[in-house]
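A.B. asks: Need coordinates for the below:
(one chain, ligands or ions: 1)
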Amino acid sequence: MTVTKYSANGNDFIIFIAQEKADRSELAKKLCHRQNGVGADGMVVVLPHPEYDFEWEFYNADGSYAAMCGNASRAVAHFAHEKGISKNGKAEFLTGAGVIHATINGLYVVSDMVEPRIIRTDIEEDDEIWWLIDSGVPHLVAVRDNIDTFDLEQARKLREKYNVNVNICKIEGNTMYVRTYERGVEDETLACGTGMVACFIRNHKEGKVPGQVKVHPKSGDELYVSCEEGVYRFGGKVTKTFIAETLI
Ligand SMILES: N[C@H](CCC[C@H](N)C(=O)O)C(=O)O
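C.D. replies: Residues are numbered from 1 along each chain as shown. Below you'll find the predicted structure:
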């Protein structure tokens, strides 16, 4: 089977087209395995849809299904556009969290995120306040002055306790820095789109940042997140890295 590999600022994905929905958890585990497979943080299956350009299935590297993935939404929009599945610089597709509208301009892709939900703003863990925000998938967000260190043991505990992705972030002027421990990868990733959006939502709601910020994830790449007329938008470059014929 031919698969295409993308990196969205270090968050990497295997993408392929299928005609039928299926439980592809085992396949995702195999293909995402860093040594025995192609290696990726997640796997996206592009499926036909009667109303939208396509529908997707998204799986984390551990085979778990997730409703949404911000970085994969940008990568798959570019993939679909290049394949002619979507046209005119736009892609409109159905995810587990709702319909995503993406705009493709060369390698720069912007996804309009689904309506987020601020679930809790009062979670106290280890003497700091975390917000629980669903930006397509659930995220805990803490804001710190310094994110040079990220205690992954603490992140793992919080991930298990709340079944979420765990983010720490800091602000410097109109620039936000984000580090994310990702559910389903069970480690820190180099970027997490819904995590960057969740961090922006907290800081924007707390009046700490304007309506658009530059964001640097762990990879150091530069992306942006904005809130325009109530729509949370997330943009950055994507890179198509490989086309591979799978033998497993
Ligand atoms: N690990 C997430 C899904 C992928 C999110 C992330 N890769 C993104 O870019 O939004 C979860 O299971 O909730």
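A.B. asks: Can you tell me which helices and strands the helix or strand where F13 lies packs against?
C.D. replies: If you go by DSSP states H and E, F13 is part of strand 11-17. Contact partners of strand 11-17 among helices and strands, from 3 or more Cβ pairs under 8 Å, 6 or more residues apart in numbering; DSSP states H and E: strand 2-8, strand 42-47, helix 70-82. For the C-beta atoms, the positions are set from N, CA and C on the backbone; glycine is no exception.
A.B. asks: Between these, which one is closest to the ligand.
C.D. replies: Closest of those to the ligand is helix 70-82, at 3.5 Å (criterion: Cβ to the nearest ligand atom).
A.B. asks: how about that closest one: buried residues?
C.D. replies: Within helix 70-82, the residues that qualify as buried are 70-81, counting by 16 or more other Cβ atoms under 10 Å.
A.B. asks: tell me which of those is nearest to C199?
C.D. replies: G70 (11.6 Å; Cβ to Cβ).
A.B. asks: How about the contacts made by the closest one?
C.D. replies: Contacts here follow Cβ atoms under 8 Å, 6 or more residues apart in numbering; on that basis G70 touches 111, 113, 135-136, 192-197, 234.
A.B. asks: change it to 10 Å
C.D. replies: When contacts are counted by Cβ atoms under 10 Å, 6 or more residues apart in numbering, G70 touches 8, 11, 100, 111, 113-114, 135-137, 191-198, 223, 225, 232, 234, 236.
A.B. asks: One more: F13?
C.D. replies: Taking Cβ under 10 Å, 6+ apart, one finds 3-7, 32, 38, 40-44, 58-59, 61, 69, 71-72, 74-76, 79, 238, 241 in contact with F13.
A.B. asks: let's see 7 Å
C.D. replies: Applying Cβ atoms under 7 Å, 6 or more residues apart in numbering, we find F13 in contact with 6, 40-44, 72, 75.
A.B. asks: can you redo these as TSV with distance to the ligand and pLDDT?
C.D. replies: As requested, the contacts of F13 are exported to TSV (distance: Cβ to the nearest ligand atom, whole Å; pLDDT from 0 to 100):
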residue	distance to the ligand	pLDDT
Y6	12	98
A40	10	98
D41	6	98
G42	6	98
M43	11	98
V44	10	98
A72	6	98
A75	9	98
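A.B. asks: Could you dump these into a markdown table with distance to F93 added?
C.D. replies: Listed next are the contacts of F13 as a markdown table, based on distance: Cβ to Cβ, whole Å:
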| residue | distance to F93 |
| --- | --- |
| Y6 | 15 |
| A40 | 19 |
| D41 | 19 |
| G42 | 15 |
| M43 | 16 |
| V44 | 10 |
| A72 | 11 |
| A75 | 12 |
